[in-house]
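Participant: Here's my sequence, what's the structure:
(chains A and B)
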Amino acid sequence: MRTGLADSARNIRRYALEMGEVQGQGYIGQALGVADVLAVLFGHVLRFRPDDPAWAERDRFLLSVGHYAIAAYAAFAEAGIVEPSELADYGADGSSLPMSAMASSTPGMEISGGSLGHGLGIATGMGLGLRHRGSSARVVTLLSDGELDEGSTWEAAMACAQFGLANVLAVVDVNGLQADGATVLASGSLVGKWEAFGWTVRRTDGHDLDALVTAFDELTAAPTGPSILLADTRPGRGVPMFEDRERAHFLPVREDEWAQAREQLT
Amino acid sequence: MIASFADPGQRTVQAPFGRALAALAEERPEIVGLSADLTKYTDMHVFRDAHPDRFFQFGMSEQVLLGAAAGLAEVGLRPFASTYSVFATRRAYDFLCLDIAEPRLPVTVVGGLPGLTTGYGPSHQATEDLAILRGCPNLTIVDPCDAVDLAQIVPALAALDGPSYLRLLRGAVPSVLDEYDYRFELGRAVAIRPGRDVLIVSTGLMTMRALAAARALEADHVDVAVLHVPTIKPLDVDTIVAEASSGGRLVLTAENHTVAGGLGEAVGAALALAGRAVRLGRIGLPDEFLAAGALPTLHDRYGLSTAAVVERVRQDLSGRAQRRGGESS
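Facilitator: Numbering: from 1, shown residues only, chains lettered A, B, ... in the order given. Now for the predicted structure:
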C-alpha cells in the first residue's frame, strides 16, 4: 500500500510540475511540499467516487488555501476526478482549472478558497448540516500555517469544538512560510493552541507516508470531536534544486528549469 | 424591553420575523436558524423555541456565523442567519460576499438595527449597509416597511434559490400596510397611494413615514403619492422611471440609510440613464456618523420622522414655487 501511495505522491508532483511549466508559474513550492499529504488523503482517507463528484455521501474536501489549486488539480488527476490531459489547460482563459481554485469551475472543488480563513468556517456548517441530516460523510479541510493568522480560523475552531463536530478533520500544511517570509503569528506551540481549543491533535512529518497514514487512522478511528493533523512539510520537496533554493512564498523558476526539475524528481 | 420606532398608539405586531420563520419551518424541514449571540435581539428566539433542533448558536463570531451558513446551504439546508446589520456587513462582509453570494447559495442574512433604528451610536447604527451590499453581485436585498411586509417577505426569500439580505424590523413592529391594497412581490415596486403633486419613492420604514406624511399634507391640499420599493436589489427600474417621470411631480426618495449609495442614488442614476429630467430630492441620513440618543429625537434631528418629512415636502414645494415665480418675473 505504501508503495502505491509513494507512486501517487510522485505522480502528483509530476502533474504539478507539468502545470507549472504550462503557465511558467504557480505555487509549485507548496504543491511539491503538500504532495505526500494529498497522496494519503486521496489514496487512503477520503471516500469519494471519481466519476461522480456530486455523490451525496462523499467526504467533502475543502481547499481553504485556494492558491494550492495546482496541487489539488494534480491530486484530482491522480485520483481520477480530472483527466490528466486536462491539466494542459491549467490557468488558461476559460479553463476549468483556474490558478486560484473556484467551485464553479472545477468538478470536485467544493469551495472557492483563496481569501484565507474561510475553509474551516464553511466546514463547520457542512459538518453541522451533514450530522443534522444523518449523513456519515466527513468534511476534510486543508489549511496552511500562515492561514492560522486569520482570526476567523479560530472562530471556526471554537465553533467546531462547541458543536462537537466529530465529522470535521482539518489538515494544516506547516511549511513555516507565508507571503512576507517566515510565519508570523502561528509560530510557537501549534499543538498546544489546538488542544486548548478542544481539538484532538496529531503532529507528524508531512513527508513520512507511514506516519501520515498512522496519524490519519488514529484521528478517524472513533472521533468524539473535531480533529486536526499538523503536517510539517518542506516547500519544493522531491526536487533537490527547489528544496535547496531560498524559501519563498512564490518560488521563482526559470523557463529552462522545468525540464530539469522533472528529471530531478525523486 | 426592546426600543421600538413605532409611534405612540400605533398598531404593532410582536416579532413578526420570528413568527413568520417559525411558521414556515413547520412546512419546510430544511429551514435552519443561526445567530451570533443576538438571538432574542433579532427575534430569532421565536424560531429557536419552536424548532430547537434546527437552531444553532455561534456566540459572538460573525465570520463563522456566515461561513457556516454557507456550509449548511452547501449540504442542502436553508439557513437564515441573524445578527446586527453592522456586524453582517462591516465585520463579516468577506464571508457574506465570497462564501454566500459568489456561489449563489440560498442563505438569508438577517440584519437587525438597519439604518437609524437604535440610539446606541455608530457602533450599532448600520447607516451604510445598503451602500456596502448594493455592490455585491448575486445578492437580493430587501428593506421591509412593516410587520405586514415582513410576514410576506420571509416566505418569498425562503423560496428564492439564491442569497439574500433582509433588513430586519424587530420587537414591536408597526402594522401599516394592511390599511392599503398591498401585496409584496419580490423585485417589484408597488404604488401604494396615488397623488398629483408629489411622488415619494420610499423603502423600508420610510414608506410608513411617507404614508403618514401624505395624510398630514392632505390638510394643506397637497396630494402626495407613495411608491414603495421593498426590493433594493434587483431594483424595479421600469416602474420607478415610469412613475417618477409621469405627471410632472416633485419626486423625493426616502430611505432609512445614508444618502450615499442607497435608494436615492439608485433612483437618480436610473432616471439619468433613462434620459428623464426630473426634479429629484433625497430624504435620508446625512453622510456622517450619527449621534447617540433617543430614537424619536434622532429621527427628528436627522429628518426621518413624519414631521420632518412633512416639513421637507413643504419646503421643496415652496422652493419650486419660488423658482417658478422668479422665472416668470
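
Participant: what's whichever strand or helix holds B:E265 packed up against?
Facilitator: In this assignment (DSSP states H and E), B:E265 forms part of helix B:263-273. Using 3 or more C-beta pairs under 8 Å, 6 or more residues apart in numbering or on different chains; DSSP states H and E as the contact criterion, the neighbours of helix B:263-273 among helices and strands are strand B:198-202, helix B:237-244, strand B:250-258, strand B:280-285. C-betas here are computed from N, CA, C, even on glycine.

Participant: Pull out the buried residues from it.
Facilitator: Of the residues in helix B:263-273, B:263-268, B:270-271 count as buried by neighbour count, 16 or more other C-beta atoms under 10 Å in any protein chain shown.

Participant: One more: stretch A:216-227?
Facilitator: A:216, A:219-220, A:223, A:226-227.

Participant: Around residue 7, count how many other residues there are.
Facilitator: Using chain A. 13 (other C-beta atoms under 10 Å in any protein chain shown).

Participant: you looked at the wrong chain, it should be chain B
Facilitator: Other residues within reach of B:D7, judged by other C-beta under 10 Å, total 15.

Participant: wait, what's in contact with it?
Facilitator: By C-beta atoms under 8 Å, 6 or more residues apart in numbering or on different chains, the residues touching B:D7 are B:174, B:212, B:306.

Participant: Quick check: pLDDT value at residue 198.
Facilitator: Picking chain A for this. A:G198 is assigned a predicted lDDT (pLDDT) of 98.

Participant: The chain in question should be chain B.
Facilitator: At B:V198, the model reports a pLDDT of 98.

Participant: which other helices and strands contact the helix or strand that contains B:P155?
Facilitator: In this structure, B:P155 sits in helix B:147-158 according to DSSP H and E. With contacts defined as 3+ C-beta pairs under 8 Å, 6+ apart, the secondary structure elements packing on helix B:147-158 are strand B:12-14, helix B:16-27, strand B:140-142, strand B:164-167, strand B:172-174.

Participant: what's next to the longest one, contact-wise?
Facilitator: It stands for helix B:16-27. By C-beta under 8 Å, 6+ apart, the surrounding residues in contact with helix B:16-27 are B:13, B:31, B:33, B:42-47, B:49-51, B:54, B:80, B:110, B:147, B:150-151, B:154-155, B:158, B:166, B:168-170, B:173.

Participant: First-to-last residue distance for stretch B:28-36?
Facilitator: Stretch B:28-36 has its terminal residues 23 Å apart, counting by C-alpha to C-alpha, to the nearest Å.

Participant: mind checking how far it is from the chain centre?
Facilitator: Offset of stretch B:28-36 from its chain centre (C-alpha atoms, centre = their mean, to the nearest Å): 22 Å.

Participant: Also stretch B:106-121?
Facilitator: Its chain's average C-alpha position is 9 Å from that of stretch B:106-121, according to C-alpha atoms, centre = their mean.

Participant: repeat for stretch B:67-81
Facilitator: For stretch B:67-81, the distance to the chain centre is 24 Å (C-alpha atoms, centre = their mean).

Participant: mean confidence score for that stretch?
Facilitator: The pLDDT scores in stretch B:67-81 average 98.

Participant: List the buried residues in it.
Facilitator: For stretch B:67-81, the neighbour count (16+ other C-beta under 10 Å) marks B:67-75, B:77-81 as buried.
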